[in-house]
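J.: Next one to model:
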Amino acid sequence: MTALGQRMVSAVMVVAFASLYQWHGGKAALFLSIMAFLMFTGGLLLHWFRPRRIHIRRKIHANRIEAGERVRVLVKLEFDCRIPLLWIVLCENSPAGVHRKLIFPGTRRQFTYQYECSGLRRGLYRWDTGRLYWGDMFGWNTLSAETAGGTPLIVVPQATAWGKGDSVEFAAMIEGTLSERRNSQGNRSPEFREYQQGDPLGRVHWKSTAKTGKLQTFLPDTTDLASLGILVYEGASGYDVKQPEIMDAPAFERVVRAAARWIHTAERDDVPYQLWMEGGDQRYDAQDQWQHGPFHADAENYGLDKLAGARISKAQSVSVSLRTEMLDGLASGSRIVVLTGKLDQVLAEWIISAIGLGYRVEVQLTETSQVVSTDRLMNGLGDDCLSLERVRHSGVPIHSVTDHALSSLGKVEVTDVGA
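T.: Next up, the predicted model:
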């Protein structure tokens, strides 16, 4: 029942019991009349002197967490009210569900409490608007007001260790990229210099700073030195899914987690990289990371933020074959890792085009249905099989992502941890 409906019912009860007392008299009718009047008056007071200027501030220990990690939220509630309140209930629509907190404020107007959200899948989250409830002792009159939401939270994908079959091959690939970069550095000017007044803090090269003892920053013209490209294919034809809008398809989740591993490895070994998503519609250049503001000051975090919102496209395929301009910022001869569930014709054409431009391409597949032997592929008549065989004959190494079992993230829930 709405607040207006409650007041109308209370007014009708006051009139009814007052009429009964006037007609019949008696202590019972008088008592009922007084109680109905007090209930009606209390409802009016709660409405006239309701809480105003309600402010909610949420403090999270990190703006981004890894999938499955617990996040603790500190809530600070402030409001103004001219009368004492017996109770209030603050309902928050958190990413993990609705959290309700019962408080007995009296004359207090500031409160602090905590709760935890757990089991969150990767994604971009935001607190929705909630409600603050208050009322009288018996709940005859209950009112509410909307509270602000909008607090963001980024849940990045998990980046597990390389599989047993992957460690040797992929470690050799990264080592080869590092060796090439070391050799090429001998023929060009250094990629960082001492910090100068006005340089953005996002350009600080911390490893060089730690070695030299002086603050070092990236040179702004080093974008052409990238030596690793990571392509996350989001076309629906790259995965065996019936509903492309479902984000957590196992094969696609393995692609996202493999991309996260490559980003971690590149950052760990100081390898410049570029991340492409949606077949080239969105690009992240690690050398341009200072241009994205203080929230994305860390290159690795910004790359993981892009992966947090990755999802399978509703289109059957993404026309990357015509988007070779996405390779303009990548030095010729660099390595490109293509991550997909299975190869389709469009992606195969893009890979062959990249090879023709002088890039070395590595393909990783996560759909077990396409990770089969060459003999079985030769007997297949489907376009996917022909695309895979065409890429294989072009000399492109093709591997499978071996972490088939996705770790359980647990139940999505929100729990109170006390004030």
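J.: is it true that D416 touches K101?
T.: Yes - contact criterion CB atoms under 8 Å: D416 and K101 qualify, at 7.1 Å. Using the backbone N, CA and C atoms, a C-beta is placed for each residue, glycine as well.
J.: higher neighbour count, the two?
T.: Remark: of D416 and K101, K101 carries more neighbours, 18 against 13, as counted by other CB atoms under 10 Å.
J.: where does the protein have low pLDDT?
T.: Scanning the chain for pLDDT under 70 picks out 1-7, 160-192, 196-203, 218-226, 242-248, 278-300, 315-325, 368-384, 402-408, 418-419.
J.: tell me the helices in it, going along the chain?
T.: Listed in chain order, the helices found in the chain under DSSP state H are 3-24, 27-48, 167-185, 206-212, 250-268, 299-308, 345-356, 374-379, 383-393.
J.: could you check the angle helix 27-48 makes with the first one?
T.: This means helix 3-24. Relative orientation of helix 3-24 and helix 27-48, computed by axes from the mean of the first three to the mean of the last three CA atoms, to 10 degrees: 160 degrees.
J.: which residues are in contact with helix 3-24?
T.: Identification of contacts with helix 3-24 by CB atoms under 8 Å, 6 or more residues apart in numbering yields 1, 29-30, 32-33, 35-37, 39-40, 43-44, 47, 140-143.
J.: now do 10 Å
T.: With CB atoms under 10 Å, 6 or more residues apart in numbering as the contact definition, helix 3-24 has outside contacts at 1-2, 26-44, 46-47, 50, 135, 140-144.
J.: gap between it and the chain center?
T.: The chain centre lies 53 Å from the centre of helix 3-24; the measure is CA atoms, centre = their mean, to the nearest Å.
J.: again, but for the second one
T.: Centre-to-centre, helix 27-48 and its host chain are 51 Å apart (CA atoms, centre = their mean).
J.: With just CA atoms, put that helix into CSV.
T.: Output in CSV follows, covering the C-alpha atoms of helix 27-48 (Å, rounded to 0.1, in the frame of the first residue of the first chain):
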residue,chain,number,x,y,z
LYS,A,27,-14.1,3.1,27.2
ALA,A,28,-13.3,0.6,24.4
ALA,A,29,-14.6,2.9,21.7
LEU,A,30,-12.6,5.8,23.2
PHE,A,31,-9.4,3.8,23.4
LEU,A,32,-9.8,2.7,19.7
SER,A,33,-10.5,6.3,18.7
ILE,A,34,-7.3,7.5,20.5
MET,A,35,-5.2,4.8,18.9
ALA,A,36,-6.5,5.5,15.4
PHE,A,37,-5.8,9.2,16.0
LEU,A,38,-2.3,8.6,17.2
MET,A,39,-1.7,6.3,14.2
PHE,A,40,-2.9,8.9,11.8
THR,A,41,-0.9,11.7,13.5
GLY,A,42,2.2,9.6,13.5
GLY,A,43,1.9,8.9,9.8
LEU,A,44,1.6,12.7,9.1
LEU,A,45,4.6,13.5,11.3
LEU,A,46,6.7,10.8,9.5
HIS,A,47,5.6,12.3,6.2
TRP,A,48,6.1,15.9,7.0
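J.: got the buried residues for that helix?
T.: Neighbour-count burial for helix 27-48, counted by 16 or more other CB atoms under 10 Å, picks out A29, L32, S33, A36, F37, M39, F40, G42, G43, L46.
J.: Quick check: closest non-adjacent residue to the third one.
T.: Read that as S33. Excluding the flanking residues, the one nearest S33 by CB to CB, 6 or more residues apart in numbering is F17, at 4.1 Å.
J.: cool, and the fifth one?
T.: Closest residue to F37 in three dimensions, ignoring its sequence neighbours and counting by CB to CB, 6+ apart: V14, at 5.2 Å.
J.: Report how many residues lie close to the closest residue to G123 other than its chain neighbours.
T.: Leaving aside its chain neighbours, G123 sits nearest to V155 (5.5 Å; criterion: CB to CB, 6+ apart). V155 sits with 25 neighbouring residues when counted by other CB under 10 Å.
J.: pretty sure V155 contacts R64?
T.: Yes - if you go by CB atoms under 10 Å, V155 and R64 touch, sitting 7.2 Å apart.
J.: any common contacting residues for those two?
T.: Common contacts of V155 and R64 (CB under 10 Å, 6+ apart): V71, L124, L304, D305, A308.
J.: among those, which ones are buried?
T.: The buried subset of the shared contacts of V155 and R64 (16+ other CB under 10 Å) comprises V71, L304, D305, A308.
J.: so which of these comes closest to Y239?
T.: Nearest to Y239 among those is A308, at 18.5 Å by CB to CB.
J.: what about the closest one, distance to K59?
T.: Separation of A308 from K59 (CB to CB, to the nearest Å): 21 Å.
J.: and what of E146?
T.: In this view, E146 and K59 are 21 Å apart by CB to CB.
J.: Can you report how many residues lie near the nearest residue to T112 once chain neighbours are set aside?
T.: Closest residue to T112 apart from its sequence neighbours, by CB to CB, 6+ apart: K76 at 5.2 Å. Using other CB under 10 Å, K76 has 13 other residues around it.
J.: cool, D240 as well?
T.: 16.
J.: Equivalent analysis for A236, please.
T.: 22.
J.: Hmm, it is touching K314, no?
T.: Yes - with contact defined as CB under 10 Å, A236 counts as touching K314 (6.8 Å).
J.: circling back to that earlier point, please produce a markdown table containing the helices of the chain, extended by distance to V363.
T.: A markdown table is the format used below for the helices of the chain (distance: least, CB to CB, whole Å):
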| stretch | distance to V363 |
| --- | --- |
| helix 3-24 | 62 |
| helix 27-48 | 66 |
| helix 167-185 | 12 |
| helix 206-212 | 31 |
| helix 250-268 | 11 |
| helix 299-308 | 19 |
| helix 345-356 | 7 |
| helix 374-379 | 14 |
| helix 383-393 | 7 |
